[in-house]
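1. Next one to model:
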Amino acid sequence: MVTELHSDAAATLGSWRAPNPAQESLRHSYLGFLAARQDACERSCAPGHLTASAVVLDAKGEHVLLTLHPRVGRWLQLGGHCESEDVSLAEAALREATEESGITGLELDPVPLGLDVHPITCSLGVPTRHFDVRFVARAPHGAEPVLSAESDDLCWWPVYELPPGTEDLTELIAAALDR
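-> A predicted model of the protein is given here:
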C-alpha cells in the first residue's frame, strides 16, 4: 500500500522545478525510485530511502545552524529519516530540524531547495543510500539551539565562515539565502 508520505513525495518532486540540469536529473532518478519502490520513504528499504533535511537560518539570514553528526563526524544541516507519522517530506524535515535543534517555531519553506544522494551506513547497519530532499527553514529571532543526543555539537555558524570540511554545503547554503 502506498502511504500518504510516498504520495506526497511523488507529488512534491513531480511538480518541483529543479534549479539546474544536475538537479533535474536527480529529480527524475528520485521519481523513478519512488515509482519502483512503494517502501522508498521507509528506513527499512535497504537499497536506499528518502530522507528529509533543512538548512536552518537565523532570523536575519546571517548564520546557519549546523550539527556535528555523531556517525558521520562532520558538520551537516539538520535532518534524518522519515517516520511513519510523517505525511509530507516538508513535515519530516521540519520535525527533524525541530527535534535536532530544540528550537520551536521554525518556519519551513515547503518547496524543496535541492536533492542529494549519498552512500551511508545508517541505522540499518548495512551500506545503503539516502535520497535526501533538502528544505530551508528560518528560526525565530533570538532562537538558541539545545544540544540533544542526536548531535556531538550544535552551533550557529556565520554563513560566509563555515567550519573546515563543509565546502560541499556552500552551494546549498547559498541557495537557502536566495530564498
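2. I'd like the distance between H28 and C41.
-> Going from H28 to C41 by C-beta to C-beta, to the nearest Å gives 18 Å. Where C-beta positions appear, they are placed from N, C-alpha and C, glycine not excepted.
3. more neighbours, the two?
-> Neighbour totals were compared for H28 and C41, and C41 leads with 29 against 12 (other C-beta atoms under 10 Å).
4. so that one makes contact with S7?
-> No. The pair C41 / S7 is not scored as a contact, 9.7 Å apart, by C-beta atoms under 8 Å.
5. how many neighbours does D86 have?
-> The burial count for D86: 22, using other C-beta under 10 Å.
6. Now do the contacts for it.
-> Neighbour list for D86: L5, A52, A92, R95 [criterion: C-beta atoms under 8 Å, 6 or more residues apart in numbering].
7. Could you find the closest non-adjacent residue to R129?
-> Distances taken as C-beta to C-beta, 6 or more residues apart in numbering place G48 nearest to R129, at 3.5 Å, with adjacent residues excluded.
8. what about the nearest residue to W16 once chain neighbours are set aside, how many neighbours?
-> Residue nearest to W16 in three dimensions, not counting chain neighbours: P112, with 5.3 Å by C-beta to C-beta, 6+ apart. P112 is flanked by 24 other residues according to other C-beta under 10 Å.
9. Given the host helix or strand of P112, what are its sheet partners and their directions?
-> Using DSSP states H and E, P112 sits within strand 107-121. For strand 107-121, sheet partners with direction are given as strand 127-138 (antiparallel), following DSSP bridges.
10. buried sites along the strand it pairs with?
-> T128, R129, H130, F131, D132, V133, R134, F135, V136, A137, R138 (16 or more other C-beta atoms under 10 Å).
11. Much appreciated, bye for now.
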